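Q: Dropping the sequence and predicted coords here.
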Amino acid sequence: MAKVKFFGGAMSVTGANYLIETEKSRIVVEAGMLQGCSDCSYANFEDFHYDPATVDAVFITHAHMDHIGRLPKLIKEGFNGPVYTSEPTAALAPIMLEDAHSIDEEEAEQHNREPMYSQTDLLESIGYLHPKKYNQRFSVTQDIDARLQDAGHILGSTIFEFWIREEKKETKLVFSGDLGNTPMPLMKPPAKIDSADYVFVESVYGDRIHEDIDVRRQKLEEAIESTIKNNGTLMIPSFALERTQEILFELNYLVENKRVPSVPIFLDSPLAIKATEIYKKFSHYFNKTAHEQVLSGDKLFQFPRLEFTETVQESRRINNTPSPKVIIAGSGMSTAGRILHHEKRYLPDPKNMLLIIGYQAQGTLGRRVLDGASEVKIHGEIVPVRAQIKAIGGYSAHADQPALVEWVGNIKGVKKVFCVQGEKKSAEALATRIKSVLNIEAVAPRIMSEFEF
């Protein structure tokens, strides 16, 4: 009897980790880090709940750390098989893992502990990546086949289809990974899956409906104009993957069409700068509109008064540039990175604005600010929050409840749906909605639970 075990990503947005066992094979889907919680750093050091040496293959949907962050640890502890992922993810993974390792080393020094894995472990893990193209079914083990489809979430994000053979019976499992919020400025819509027996669908926004996507560019324009009018600084905490590139794409349009006044715009994130270079190489993965712009010669990530500040010295010089100005910096939830230095400097002034354009997990500084905190602690200092705080939900890279239900509803033959990668409230809300609208059994599995099929 085959089974799926939920070792991460159950009642939690982050830390995705699922084990599929058959009589002949064991494969793992995702090896993600827990993020956003007070004890996440310690939880990520815990052993896996299975022997990595007994796993035949690993599948990674995309290069965000909550999906790939513990891969080097998995290999360090004995995994010695192929890691299947898309071509862009294989290109992005090294820079994402290197950045996470640098942060881990800093935290290890602060807390007098060993890092989760070494630089050698990190470099070794890159050699295990087996990039695959979309839409091509291939054999994984003697009783499991797989295929990758475009999830439309970030560059290279993947939906996995698995066919599991037991005696004369074939069962199909589908893991959505993170599904994109259609239409997105750069990415294609998530692929439609024709059929499946069991579906494992993300539920980050399983209890919410995004604002009208058509007004997101207008709201960005208004935020820039308002900050310029106040002679202030607009801070945009942004995830290095996808969100930064989307914002640059939108700013390119606003600047080239003179929709906003000309002001200095800084991309202050070494990781985002590296990721943007990889985006340029894989522009053929973009949607038709964005790709045609690239083919026409439009440099989507290069426009007047945009400056990439890669070094620490360049970053510090931003302070010497008089307002008004725009600063895009990581991390997207204000948990680390250069955005913290800017927030510490500019949050106390009501002329400035913090523009939140992505999901803010519980326990993060970004979530506290979004929830209305009057002060926050940054680098050990209490910082008053007097700047304007705005949020644009339309830039979320995750599908909302109606889109998730529609995506599941397009799949024929579904016996059961598992709502994963969402907080308890959103996962359970999505399960309830799927049951009522689609009349399909749906559950929000608990951590450490298992399901036989």
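A: Sure, I can see it.

Q: Select the longest strand from this structure.
A: Using DSSP state E to assign secondary structure, the strand with the most residues in the chain is strand 158-166.

Q: Spit out the contact partners of L220.
A: For L220, the contact set (CB atoms under 8 Å, 6 or more residues apart in numbering) comprises I247, E250, L251, L254, L355, I392, Y395. C-beta: built from backbone N, CA, C; applies to glycine.

Q: Assign it to helix, strand or coil.
A: helix (DSSP: H, G, I helix; E, B strand; the rest coil).

Q: How far off centre is stretch 417-435?
A: How far stretch 417-435 lies from its chain's middle: 19 Å, per CA atoms, centre = their mean, to the nearest Å.

Q: no, scratch that, I was asking about stretch 442-453
A: Mean-position distance between stretch 442-453 and its chain equals 23 Å (CA atoms, centre = their mean).

Q: domains in the protein, as residue ranges please.
A: 3-208+397-452, 213-395 (automatic domain parsing).

Q: Quick one: end-to-end distance for the last one.
A: This means domain 213-395. Using CA to CA, to the nearest Å, the end-to-end distance of domain 213-395 comes to 8 Å.

Q: Just the mean pLDDT for that domain, thanks.
A: Mean pLDDT, computed over domain 213-395, is 92.

Q: hey, C-alpha coordinates of the helix or strand containing R216 in PDB?
A: Using DSSP states H and E, the secondary-structure element containing R216 is helix 216-229. Output for helix 216-229, consisting of C-alpha atoms alone and laid out as PDB, is shown next (Å, rounded to 0.1, in the frame of the first residue of the first chain):
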ATOM      1  CA  ARG A 216      -2.200  47.100  -8.900                       C
ATOM      2  CA  ARG A 217      -0.100  49.200 -11.300                       C
ATOM      3  CA  GLN A 218      -2.300  52.200 -10.500                       C
ATOM      4  CA  LYS A 219      -1.800  51.700  -6.800                       C
ATOM      5  CA  LEU A 220       2.000  51.400  -7.300                       C
ATOM      6  CA  GLU A 221       1.900  54.600  -9.300                       C
ATOM      7  CA  GLU A 222      -0.100  56.400  -6.600                       C
ATOM      8  CA  ALA A 223       2.300  55.200  -3.900                       C
ATOM      9  CA  ILE A 224       5.200  56.700  -5.800                       C
ATOM     10  CA  GLU A 225       3.500  60.000  -6.600                       C
ATOM     11  CA  SER A 226       2.300  60.400  -2.900                       C
ATOM     12  CA  THR A 227       5.800  59.800  -1.600                       C
ATOM     13  CA  ILE A 228       7.300  62.200  -4.100                       C
ATOM     14  CA  LYS A 229       4.800  64.800  -3.200                       C
END
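
Q: Inside helices: which ones of the contacts of L220?
A: Where the contacts of L220 overlap with helices, as defined by DSSP state H, the overlap consists of I247, E250, L251, L254.

Q: What degree of burial does the second one show, as a neighbour count?
A: As a burial measure, the neighbour count of E250 was computed by other CB atoms under 10 Å and equals 20.

Q: From Y395, how far out is it?
A: E250 sits 8 Å away from Y395 when distances are taken as CB to CB, to the nearest Å.

Q: before we move on, what about the last one?
A: Summarising the geometry, the distance separating L254 from Y395, computed by CB to CB, is 14 Å.

Q: the more surrounded of the two?
A: Taking L254 and Y395 together and counting by other CB under 10 Å, Y395 has the greater number of neighbours (27 against 17).

Q: Quick check, the more buried one in contact with I357.
A: Yes - under the criterion of CB atoms under 8 Å, Y395 is in contact with I357, at a separation of 4.2 Å.

Q: Show the subsequent helix or strand relative to the longest strand of the chain.
A: Using DSSP H and E, the first helix or strand after strand 158-166 is strand 169-175.

Q: Give me the sheet partners of that next one and which way each runs.
A: Within its sheet, and counting by DSSP bridges, strand 169-175 is paired with strand 158-166 (antiparallel), strand 198-202 (parallel).

Q: And the helices in the chain?
A: Listed from the start of the chain, the chain has helices (DSSP H) covering 40-43, 65-68, 71-76, 87-110, 119-126, 216-229, 243-256, 270-281, 288-295, 312-317, 339-346, 365-370, 401-409, 424-438.

Q: Who are the packing partners of the second one?
A: Other helices and strands packing on helix 65-68, by 3 or more CB pairs under 8 Å, 6 or more residues apart in numbering; DSSP states H and E, are helix 87-110.

Q: which parts of the helix it packs on are buried?
A: Buried residues in helix 87-110, defined by neighbour count with 16 or more other CB atoms under 10 Å: 87-97, 99-101, 103-104.

Q: Just name the closest of those residues to M65, please.
A: The closest of the buried residues of helix 87-110 to M65 turns out to be A100 (CB to CB; 5.3 Å).

Q: so that closest one touches M33, yeah?
A: Yes - under the criterion of CB under 8 Å, A100 makes contact with M33 at 7.2 Å.

Q: what do these two both touch?
A: Any residue near both A100 and M33 by CB under 8 Å, 6+ apart counts here, and that gives M65, G69.

Q: tell me the contacts of the closest residue to E307 other than its chain neighbours?
A: Once flanking residues are discounted, E307 sits nearest to F266: 5.3 Å by CB to CB, 6 or more residues apart in numbering. Contacts here follow CB under 8 Å, 6+ apart; on that basis F266 touches L306, E307, F308, T309, I318, T321, K325, V326, I327, I328, A329.

Q: From those residues, pick the one nearest S12.
A: In terms of CB to CB, no member of those lies closer to S12 than A329, at 26.4 Å.

Q: my read: the closest one touches E343, true?
A: No - proximity of A329 to E343 does not meet the contact threshold set by CB under 8 Å, at 9.1 Å.

Q: Now for those two: what residues contact both?
A: For the pair A329 and E343, residues contacting each of them under the criterion CB under 8 Å, 6+ apart are M235, P237.

Q: Now do the buried residues in stretch 406-425.
A: Neighbour-count burial for stretch 406-425, with 16+ other CB under 10 Å as criterion, is recorded at W407, V408, I411, V414, K416, V417, F418, C419, V420, Q421, G422, E423.

Q: just stretch 39-50 next, same as before
A: Within stretch 39-50, the residues that qualify as buried are C40, S41, N44, F48, Y50, counting by 16+ other CB under 10 Å.

Q: I'd like the distance between the fourth one and R305.
A: In this case it means F48. Relative to R305, F48 is positioned 48 Å away (criterion: CB to CB).

Q: Give me the nearest residue to the residue nearest the centre of the chain, chain neighbours excluded.
A: Among the residues of the chain, the smallest C-alpha distance to the mean C-alpha position (CA atoms, centre = their mean) belongs to H64, namely 4.6 Å. With sequence-adjacent residues excluded and distances taken as CB to CB, 6+ apart, H64 is closest to L241, at 6.4 Å.

Q: Next, count neighbours for the one you found.
A: A count of neighbours around L241, defined by other CB under 10 Å, yields 30.
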